[in-house]
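Asks: Predicted model and sequence below, questions to follow.
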Amino acid sequence: MKFGTKAIHAGQHPDPTTGAVMTPIYQTSTFAQESPGKHKGFEYARTQNPTRSALEANLAALENAKFGRCFGSGLAATDSILKTLKPGDEIISTNDLYGGTFRLFTKVYEQYGLKFQFINMTDASMLTEAFTPNTRLVWIETPTNPMMNIIDIETVVKMAKQHGAITVVDNTFASPYLQNPIDLGADVVMHSVTKYISGHSDVVMGFVGTNNPAIDEQIGFIQNASGAVPGPQDCFLVLRGVKTLHVRMDRHCYNGEQVARFLKSHDAVDKVYWPGFDDHPNHAIAKKQMKNFGGMLSFALKEDSQSKAFSVLEKLKVFTLAESLGGVESLAGHPASMTHASIPREQRLAGGLTDSLIRLSVGIEDHEDLIADLHEALS
């Protein structure tokens, strides 16, 4: 079954009671039992909910994973993965990743005894000396947030396996439509469902998928024990949104390319970070492991100052200045003061995240209007 068909049908069955084509919103906290322990597969809504179960099956299918679990946010999904580790375990991660993930790693889990290394994974050879006998997990973002760095998933997975570590890929920027880490050997894939999968900026949710039954059992136990689960209304909204994921992503990719090429030719722009350019670092790897290059990009101004970046952002009319990404509407943000403010400035600058860097989530509007908006703001 191809992607578009799975997006619409996987995990979806007519309601057995009424024949409803759309999965109902099971807005209930508990389920009747015929006798203690004798029920219809559902006991308590934190543990299972039919709407959530349908969504979990759908998203797992899109990632070619056997198992899937949904959480109340992308960070709750990340949190569930870290809870499978124990004090003294070491995690290797990229030096360019979402600020919220960095904050969770360093401000929450370091105090519980987990140890983190942040290295440049665009050159896989940099990993060689990072592994220790205590390395248990390698955390990848690709494309990275916000520098759009590309990491070779297959190569990192092979190195991790040689050292007995599992590989987790945050696939949020690519979406399951453009990239499938499980097919590339990753042990776990996670998403901020809030972004492209939902696609309409009206839900906060996370997802974890795997083919490993032992990992799924751990994640499932944590999901129930910790209780960071999404409600049925949100699951229904994502089920509705995901049905157009493939259609939306094609338009995101097309518009993203038009905007990236415009910005690259503009006199006020210093650099454009978009993996579709032939001269983008690891472009060949992006071309190999992704179906297309996505609608996310960042650009730095020639006048490298926060005030200049703020001036550009304040003038935008079609792009909305806001956190988040992946919605049908175009969004613009200033990573240094917004999504990545929790990362020390020196560390941001070392990774290329300058004070003038602007991140764009290019939506599905008419690309001519998006370009005109940027042209006016940059003038």
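Replies: Structure's in. What do you need?
Asks: Would you mind identifying the next helix or strand past the lowest-mean-pLDDT helix or strand in the chain?
Replies: When the helices and strands of the chain are compared on mean pLDDT, DSSP states H and E, helix 345-350 comes out lowest with a mean of 83. Of the helices and strands lying after helix 345-350 in sequence (DSSP states H and E), the nearest is strand 358-361.
Asks: now that next one, how far from the chain's geometric center?
Replies: 15 Å (CA atoms, centre = their mean, to the nearest Å).
Asks: and the next element down the chain from that strand?
Replies: Moving toward the C-terminus from strand 358-361, the first helix or strand encountered (DSSP H and E) is helix 367-378.
Asks: which parts of that following helix are buried?
Replies: Residues 367, 370-371, 373-374, 377-378 are the ones in helix 367-378 that count as buried (16 or more other CB atoms under 10 Å). All C-beta spots, glycine's among them, are computed from the backbone N, C-alpha and C.
Asks: Equivalent analysis for stretch 184-198, please.
Replies: For stretch 184-198, the buried set under the neighbour-count rule, 16+ other CB under 10 Å, comprises 184-198.
Asks: Now it - C-alpha only, PDB.
Replies: Taking C-alpha atoms only, stretch 184-198 is exported to PDB below (Å, rounded to 0.1, in the frame of the first residue of the first chain):
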ATOM      1  CA  LEU A 184      17.300   3.100   7.200                       C
ATOM      2  CA  GLY A 185      18.000   1.000  10.200                       C
ATOM      3  CA  ALA A 186      17.000   3.300  13.100                       C
ATOM      4  CA  ASP A 187      15.700   1.600  16.200                       C
ATOM      5  CA  VAL A 188      13.200   4.400  17.100                       C
ATOM      6  CA  VAL A 189      11.600   7.300  15.200                       C
ATOM      7  CA  MET A 190       9.900  10.100  17.000                       C
ATOM      8  CA  HIS A 191       7.900  13.200  15.900                       C
ATOM      9  CA  SER A 192       6.500  16.300  17.200                       C
ATOM     10  CA  VAL A 193       3.100  15.500  15.700                       C
ATOM     11  CA  THR A 194       2.300  19.200  16.400                       C
ATOM     12  CA  LYS A 195       4.100  20.100  13.200                       C
ATOM     13  CA  TYR A 196       3.700  18.600   9.700                       C
ATOM     14  CA  ILE A 197       1.700  15.500  10.700                       C
ATOM     15  CA  SER A 198      -1.100  17.500  12.200                       C
END
